[in-house]
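Engineer: return atomic coordinates for the entry below.
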Amino acid sequence: MFATAADTGGFAHPYIDARFGEPRKVGLMALKLGVHTGQQDVELDELRRLWRYIDGNGWDFISIWDHFYEAPPIDGTHPAFEAIAAMTLLAAETEHVRIGCHVFCMNYRNPALLAKSLMTIDHASHGRVEAGLGAGWHVQEHAGYGYTFPSVKERLDRLEEGIQIIGGMFSQDRTTFSGEYYRAEEATLFPRPVQSPIPIVVGGRGEKRTLRIAAQYANGWNVPYINVEEFERLNGVLDEWCDRVDRDPSDLERSVNLHMLMGANEADAARVLEERATTFTRGGALSGSPQQAIETLKRYEESGAQRVSIAIRPPIEWDALQAFVEEVMPAVRAG
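Structural biologist: Residues are numbered from 1 along each chain as shown. As a prediction, this is how the structure comes out:
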């Protein structure tokens with residue numbers, strides 16, 4: 001069980017009071033807008049240019065991902081940059097947006113070491129980090145890099161143990177934990193994070209374990225690439241889990257990632273859809289004209305989303321991004 005040096009009692013939500021910037025309750029603030037920038041099939045300098053553009057044009061959030069190989073899997077030969085190093089660079093390249101990873105695979109790093117890395121990035125960003133955590137799914141990169149790929153149950157057990165260590169280290173001076181897979185003995189995290197504590201986001205759509213873990217231990221929940229009806233349904237399941245673990249559902253921020261298939265105009269949208277349809281139209285997507293994108297975003301907001309991130313895949317559609325800034329962003333934030 002989770003414990004401190006002074007208190008060896010059971011876990012009792014010691015670190016679920018963090019927020020994503022300013023405190024918020026559902027419905028009290030405009031929809032937050034982010035960009036999910038998977039660091040794959042792109043030159044690092046082009047990715048840095050994209051981050052600077054996002055940071056300077058009114059978005060709220062930038063995320064990366066945690067993969068060693070390309071995703072979806074092909075043959076392991078596509079260029080892909082490592083997440084901790086990339087997130088540190090992201091912190092240095094930006095000044096305004098909050099930054100995160102959707103999501104760090106718990107199998108790839110000792111959780112106490114991951115907490116130390118994220119604390120360092122929190123300082124590099126002057127307190128703009130959130131910690132996205134998940135159970136992992138990419139079989140090929142597990143095998144290629146020498147990690148065992150355990151059962152779903154074990155991966156979720158590891159996530160639940162690891163999140164307690166990371167959350168404890170974010171919120172207190174010393175953390176002791178003894179689990180089946182991870183241990184920490186009077187683990188310290190100095191200097192302390194800039195944020196008190198760093199917010200934790202659990203990513204995934206599993207109804208029995210993932211959403212329960214989010215409700216019990218996290219500050220936020222993120223889910224990728226699902227349509228609005230499924231998002232609304234899962235959001236309701238998360239509310240039920242909050243009730244079961246005696247958590248105020250409005251304290252848990254909800255976010256979703258959508259494939260970016262919007263065009264700068266209707267003709268451009270048709271081209272984008274034709275070129276990218278086979279790979280990126282599965283699941284939730286932001287497609288069509290800027291006006292159609294506005295309508296889609298408002299539907300997700302009405303279904304409980306507090307932040308929506310558009311997922312950018314190279315080649316980057318710069319004209320569409322500019323149309324998003326000039327047309328979509330003001331309309332969504334106007335309510």
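Engineer: who's in contact with the closest residue to residue 217 other than its chain neighbours?
Structural biologist: Closest residue to residue 217 apart from its sequence neighbours, by CB to CB, 6 or more residues apart in numbering: residue 163 at 4.9 Å. To be clear about C-beta, it is placed using only N, CA and C from the backbone, and glycine gets the same treatment. By CB atoms under 8 Å, 6 or more residues apart in numbering, the residues touching residue 163 are 106, 111, 133, 200, 202, 213, 217, 218.
Engineer: what do you get if the cut-off is 7 Å, keeping everything else the same?
Structural biologist: For residue 163, the contacting residues are 133, 200, 213, 217, by CB atoms under 7 Å, 6 or more residues apart in numbering.
Engineer: is it true that the third one lies in a helix?
Structural biologist: Right, residue 213. Yes - counting by DSSP: H, G, I helix; E, B strand; the rest coil, residue 213 falls inside a helix.
Engineer: residues in contact with residue 285?
Structural biologist: Taking CB under 7 Å, 6+ apart as the test, what residue 285 contacts is 258, 259, 261.
Engineer: closest to residue 303 among the residues you listed?
Structural biologist: The closest of the contacts of residue 285 to residue 303 turns out to be residue 258 (CB to CB; 12.5 Å).
Engineer: now residue 32, which residues is it bridged with?
Structural biologist: residue 307 (DSSP bridges).
Engineer: circling back to that earlier point, my hunch is that the residue nearest to residue 217 is in a strand, does that hold up?
Structural biologist: No - counting by three-state DSSP, one finds residue 163 to be helix, located in no strand.
Engineer: separation between it and residue 229?
Structural biologist: 29 Å (CB to CB, to the nearest Å).
Engineer: what's the answer for residue 307, then?
Structural biologist: Distance from residue 307 to residue 229, by CB to CB: 19 Å.
Engineer: for residue 329, see how far away residue 53 is.
Structural biologist: From residue 53 to residue 329 the distance is 13 Å (CB to CB).
Engineer: the more surrounded of those two?
Structural biologist: residue 329 (19 against 16; other CB atoms under 10 Å).
Engineer: can you list the low-confidence ranges for the chain?
Structural biologist: Applying pLDDT under 70 to the chain picks out residues 1-29, 278-282.
Engineer: spatially central residue for it, please.
Structural biologist: residue 102 (3.3 Å; CA atoms, centre = their mean).
Engineer: residue contacts, that residue?
Structural biologist: 36, 63, 65, 132, 203, 222, 224, 257.
Engineer: closest one to residue 236 out of those, please.
Structural biologist: Taking those together and measuring to residue 236 by CB to CB, the closest member is residue 222, at 16.5 Å.
Engineer: pretty sure that closest one sits against residue 132.
Structural biologist: Yes - using CB atoms under 7 Å, residue 222 makes contact with residue 132 at a distance of 6.5 Å.
Engineer: which one of these two is surrounded by more residues?
Structural biologist: For residue 222 versus residue 132, the count of surrounding residues by other CB under 10 Å is larger for residue 222: 28 against 25.
Engineer: wait, a helix at the more buried one?
Structural biologist: No - under three-state DSSP, residue 222 falls outside any helix and is assigned strand.
Engineer: want to try CSV for the contacts of residue 102, with secondary structure and distance to residue 320 as columns?
Structural biologist: Converted to CSV, those look like this (DSSP: H, G, I helix; E, B strand; the rest coil; distance: CB to CB, whole Å):
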residue, secondary structure, distance to residue 320
36, strand, 15
63, strand, 19
65, coil, 21
132, strand, 25
203, strand, 25
222, strand, 23
224, strand, 20
257, strand, 17
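Engineer: from these, which is closest to residue 118?
Structural biologist: Nearest to residue 118 among the contacts of residue 102, with distances taken as CB to CB, is residue 132, at 9.9 Å.
Engineer: show me the contacts for the closest one.
Structural biologist: Here residue 132 is in contact with 63, 100, 101, 102, 103, 104, 201, 203, 222 (CB under 7 Å, 6+ apart).
Engineer: swap the cut-off to 8 Å and go again
Structural biologist: Residue 132 neighbours (CB under 8 Å, 6+ apart): 63, 100, 101, 102, 103, 104, 201, 202, 203, 222.
Engineer: which parts of the stretch 51-200 of the chain are strands?
Structural biologist: In the stretch 51-200 of the chain, the strands defined using DSSP state E, counting those that start in this stretch lie at 61-64, 98-101, 104-105, 131-134, 174-178, 183-188, 200-203.
Engineer: which SSE is the closest residue to residue 61 other than its chain neighbours in?
Structural biologist: Excluding the flanking residues, the one nearest residue 61 by CB to CB, 6+ apart is residue 34, at 3.3 Å. If you go by DSSP states H and E, residue 34 is part of strand 32-36.
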